[in-house]
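1. sequence unavailable; structure follows:
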């Protein structure tokens, strides 16, 4: 049995489109409400970012909730990729208007938006399949065939370094969510059963260690990516959040990322997606 299939076993929560939109927005805020998270914006500091803070990211997440709702509703109606893409473009415009032009969640609109559409589709048909598998089956070919953003730093890095990037991740059913983040999330809850913020830190580190994050490639090139992966791997090898003093270790990594202007934005998006998928099985969204 592969990893994706194992996630079929628990009973699935079926939510209305509006609830799915709010859930997606909440998962973006939970990602922000996680510290120490290497190089990334949190409720504590702005990480390696000079143009955004936690308040801006939360305002962006609130702005996007109705668009995630629309994507879930469109998925329930069997919409094709062209319609989903049009809603995503409208969401991006609203995000930029709300943030005075700062790209806070372009990657999350794409990834979380597709998962919302898949959740709407799954709920409407009453089928039992992982959301990532549904995204790949229903829209995978259209994702590959669709237009490539020339403005996205991640897309530029993907072309330059040959990394798969967000398009490949989505078209293949989000393997980083199912094969890396969700197993890490569940294992972390055995290490820190009463500390969901620590669980999110551990999951973020697991993603940074294993994902070819195009945001890291954009900011630091191959050397930056290798430094980030080695730092996160060392944290996990030392016991991660199960090790006494783990917060000091994680904070040191965070500061090292800031000094090198590194920010794993792709891993942050994947963390929010994993929280969304996980929440549809069990209700663990208390911060």
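-> On my side now, so go ahead. Bear in mind the structure is a predicted one, so any value in this text is a computation, not a measurement. Numbering: from 1, shown residues only.
2. what's the helix or strand containing residue 185 packed up against?
-> Counting by DSSP states H and E, the secondary-structure element that holds residue 185 is helix 182-191. In terms of contacts (3 or more CB pairs under 8 Å, 6 or more residues apart in numbering; DSSP states H and E), helix 182-191 is packed against helix 196-210, helix 265-279. Every C-beta, even on glycine, is put in place using the N, C-alpha and C of the backbone.
3. helices and strands around the first one, which ones?
-> Read it as helix 196-210. Under the contact rule (3+ CB pairs under 8 Å, 6+ apart), helix 196-210 is packed against helix 182-191, helix 214-237, helix 246-259, helix 265-279.
4. and it, how far out from the chain middle?
-> Between the mean C-alpha location of helix 196-210 and the chain-wide mean there is a distance of 11 Å, by CA atoms, centre = their mean, to the nearest Å.
5. ok, back up a step: out of the helices and strands packed on helix 182-191, deepest packed?
-> Comparing the helices and strands packed on helix 182-191 on average neighbours per residue, with mean count of other CB atoms under 10 Å, the densest one is helix 265-279 at a mean of 27.
6. run the angle between it and helix 196-210 for me.
-> Interaxial angle of helix 265-279 relative to helix 196-210 (axes from the mean of the first three to the mean of the last three CA atoms, to 10 degrees): 130 degrees.
7. helix 265-279 to helix 182-191, inter-axis angle?
-> 70 degrees.
8. so which elements touch helix 265-279?
-> If contacts are counted by 3+ CB pairs under 8 Å, 6+ apart, helix 265-279 sits against helix 17-32, helix 106-125, helix 165-171, helix 182-191, helix 196-210, helix 214-237.
9. any chance of those helices in TSV, plus mean pLDDT?
-> Conversion of the helices and strands packed on helix 265-279 to TSV gives the following (pLDDT from 0 to 100):
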stretch	mean pLDDT
helix 17-32	96
helix 106-125	96
helix 165-171	92
helix 182-191	97
helix 196-210	98
helix 214-237	96
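10. and those helices: which comes nearest residue 50?
-> Smallest distance to residue 50 across these (CB to CB): 12.5 Å, for helix 214-237.
11. so how far is that closest one from its chain's centroid?
-> Distance of helix 214-237 from its chain centroid, counting by CA atoms, centre = their mean, is 17 Å.
12. so what touches it?
-> Surrounding helix 214-237, the residues in contact under the criterion CB atoms under 8 Å, 6 or more residues apart in numbering are 38-39, 48, 153-158, 160-161, 163, 165-166, 202, 205-206, 208-210, 212-213, 246, 249-250, 253, 256-257, 260-267.
13. give the buried residues for that helix.
-> Under the neighbour-count criterion of 16 or more other CB atoms under 10 Å, helix 214-237 has 214-220, 224-225, 227-229, 231-232, 235-236 buried.
14. now do the helix or strand residue 73 falls within: which elements does it pack against?
-> Here residue 73, judged by DSSP H and E, is contained in helix 54-76. Counting contacts by 3+ CB pairs under 8 Å, 6+ apart, helix 54-76 is packed against helix 17-32, helix 81-98, helix 106-125.
15. report the buried residues of the longest one.
-> By that I understand helix 106-125. Using 16+ other CB under 10 Å as the burial criterion, the residues of helix 106-125 that qualify are 106-124.
16. about what we covered before: distance to residue 66 added to the helices and strands packed on helix 54-76, as a markdown table?
-> Converted to a markdown table, the helices and strands packed on helix 54-76 look like this (distance: least, CB to CB, whole Å):
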| stretch | distance to residue 66 |
| --- | --- |
| helix 17-32 | 6 |
| helix 81-98 | 8 |
| helix 106-125 | 11 |
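17. residue 144: which of those is closest?
-> Each of these was scored for nearness to residue 144 using CB to CB, and the closest is helix 81-98 (10.1 Å).
18. adding distance to residue 21, write the helices and strands packed on helix 196-210 out as CSV.
-> Listed next are those as CSV, based on distance: least, CB to CB, whole Å:
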stretch, distance to residue 21
helix 182-191, 22
helix 214-237, 25
helix 246-259, 31
helix 265-279, 11
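19. quick one: closest of those to residue 130.
-> Within those, the stretch nearest residue 130 is helix 265-279; the backing value is 7.7 Å (CB to CB).
20. so what's the model's average confidence on the closest one?
-> The average pLDDT for helix 265-279 rounds to 97.
21. what angle do that helix and helix 214-237 make?
-> Going by the same axes, to 10 degrees, helix 265-279 makes 70 degrees with helix 214-237.
22. that older thread, now do the buried residues in the helix holding residue 185.
-> Going by neighbour count (16+ other CB under 10 Å), the buried part of helix 182-191 is 182, 183, 184, 185, 188, 189, 191.
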